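Mind folding the following:
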Amino acid sequence: MNDCLVVIPTYNEKENIHAIIDAVLMLESGFHLLIVDDNSPDGTGNLAREKLEEYQGRLFLEEREGKMGLGTAYIHGFRWALKRKYVYIFEMDADFSHNPEDLNKLYRVVQSDSCDLAVGSRYVTGVNVVNWPMSRVMMSFFASYYVRWITGLPINDATAGFKCYHRRVLETIPLEQIKFMGYAFQIEMKFLAWKYGFSIAEVPIVFTDRTHGQSKMTGGIIKEAIFGVIQMKAASLFRNYRQELEDAPALVEPNCLHRTDT
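Next up is the predicted model:
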C-alpha cells in the first residue's frame, strides 16, 4: 500500500512515539508514515529517528525549527505527500486517541470511490468517546453543533482530526490560504472540502483519551475556533468556489455529492 501516507505531527510525545510508529507500520496494510516534529524539547524527534532504519523506506521524519502550530505541521505533511505522489493521505494524533486499526476503515471508504474525504467520527452514531470527563465531551459535542449551525457544514464531528483525503482534495484546496493553525484548522479543512463540492463520509470510530503525555488544548485554541468559525463563514459569502474550480482547469473535478455514512 505504498500509495498511502499517514501524517502524524508531534510535540513532546516521547511516551507515545515508538509505540505509535510500531502500531501504524505493523499493520498488514503496509501504510507509510511521516512524522512532522516541531523540535520537541523532550526529544521526540530523536526517538523517532531511532526507528528510521528499522522501517527504512516506510518511515520518514521531517523536523521543523520550533513549535509552529498543528495546522502548519499538517500542511507541511500534505505538501510532502503530494510531491511524492501519494494518493491517500491520512492525518491522526500520536497519542492513541485514534486507533491505528481504524486507518483501514477510512482507507476502504475513500479507495472504493465512495467519497473524497473520510472522517473518523465520534458522533455519527451517538457519542463514542472513552475516558473524557463529561465537561470535555459536552464541549466537543456542542462545538460541532455550533459549527453546523454557523456554517451549514453537514458533519456531525466537525472538529475531528482523524481523516483520509484523496489527493485531489488537497490538490484543490489552496493550502497557502489556510488561516487557522489550531483547533479551527480541522474545521476549516472540512469546510473548504465541502464548499469545493467534494464528497465527505463520516466513518464511526471510538475515540479514547490519551493515557500518556499532555493535551495540547489551550484557551487560545478554543477562542480561535469560536471566532474563527464566524470569520470563515463570513469570508465564504464573498467567494464563488465553483468559479475557482473553473478558473483552475488542471484541478481534478470532485465527486459532487456529499453524504455521511452511518
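
any chance you could map the strands in the stretch 51-200 of the chain?
With DSSP state E, counting those that start in this stretch as the criterion, the stretch 51-200 of the chain has strands at 59-63, 88-91, 117-121, 129-130, 163-166, 200-204.

Now those strands in CSV, please, with extra columns for distance to N46, mean pLDDT and mean neighbour count.
Any C-beta I mention is one placed from the backbone N, CA and C, and that applies to glycine too. Listed next are those as CSV, based on distance: least, C-beta to C-beta, whole Å; pLDDT from 0 to 100; neighbours: other C-beta atoms under 10 Å:
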stretch, distance to N46, mean pLDDT, mean neighbour count
strand 59-63, 9, 98, 18
strand 88-91, 23, 98, 25
strand 117-121, 29, 96, 27
strand 129-130, 31, 77, 14
strand 163-166, 28, 98, 26
strand 200-204, 34, 96, 22
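
where do the helices sit along this structure?
17-25, 44-49, 70-83, 103-111, 134-151, 167-172, 183-195, 219-236, 241-246 (DSSP state H).

low pLDDT regions in the protein?
1, 131-132, 210-225, 248-262 (pLDDT under 70).

Which of the helices of the chain sits closest to A158?
When the helices of the chain are compared by C-beta to C-beta, helix 134-151 sits nearest A158, at 3.8 Å.

packing partners for the closest one?
Applying 3 or more C-beta pairs under 8 Å, 6 or more residues apart in numbering; DSSP states H and E, one finds that helix 134-151 contacts helix 219-236.

Check the helices of the chain for me and report the most buried one.
Highest mean neighbour count among the helices of the chain (mean count of other C-beta atoms under 10 Å): helix 183-195, with a mean of 23.

Output the contacting helices and strands for that one.
helix 70-83, strand 117-121, strand 200-204, helix 219-236.

Now render these as CSV, adding distance to T10.
Listed next are those as CSV, based on distance: least, C-beta to C-beta, whole Å:
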stretch, distance to T10
helix 70-83, 8
strand 117-121, 19
strand 200-204, 24
helix 219-236, 17
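
Dump the strands of the stretch 51-200 of the chain into a markdown table; add distance to V137 as well.
A markdown table is the format used below for those (distance: least, C-beta to C-beta, whole Å):
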| stretch | distance to V137 |
| --- | --- |
| strand 59-63 | 33 |
| strand 88-91 | 22 |
| strand 117-121 | 14 |
| strand 129-130 | 5 |
| strand 163-166 | 20 |
| strand 200-204 | 16 |
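
closest to E91 out of the helices and strands packed on helix 183-195?
That would be, of these and by C-beta to C-beta, helix 70-83, which comes in at 5.7 Å.

Show me what that closest one is in contact with.
5, 7, 9, 34, 36, 38, 60, 62, 64, 89, 91, 165, 167, 170-171, 175, 178, 180-182, 185, 216 (C-beta atoms under 8 Å, 6 or more residues apart in numbering).

now do stretch 229-249
Residues from elsewhere that reach stretch 229-249 (C-beta under 8 Å, 6+ apart): 146-147, 150-151, 172, 179-180, 184, 187-188, 191, 195-197, 251, 253-254.

Out of the helices of the chain, which gets nearest to V206?
Closest of the helices of the chain to V206 is helix 103-111, at 11.3 Å (criterion: C-beta to C-beta).

picking up where we left off before, so which of the helices of the chain is nearest N128?
Closest to N128 of the helices of the chain, according to C-beta to C-beta: helix 134-151, at 10.3 Å.

Tell me how far that closest one lies from the chain's centre.
18 Å (C-alpha atoms, centre = their mean, to the nearest Å).

so that helix versus strand 117-121, what angle?
150 degrees (axes from the mean of the first three to the mean of the last three C-alpha atoms, to 10 degrees).

Helix 134-151 versus helix 183-195: what angle between them?
For helix 134-151 against helix 183-195, the angle by the same axes, to 10 degrees is 40 degrees.
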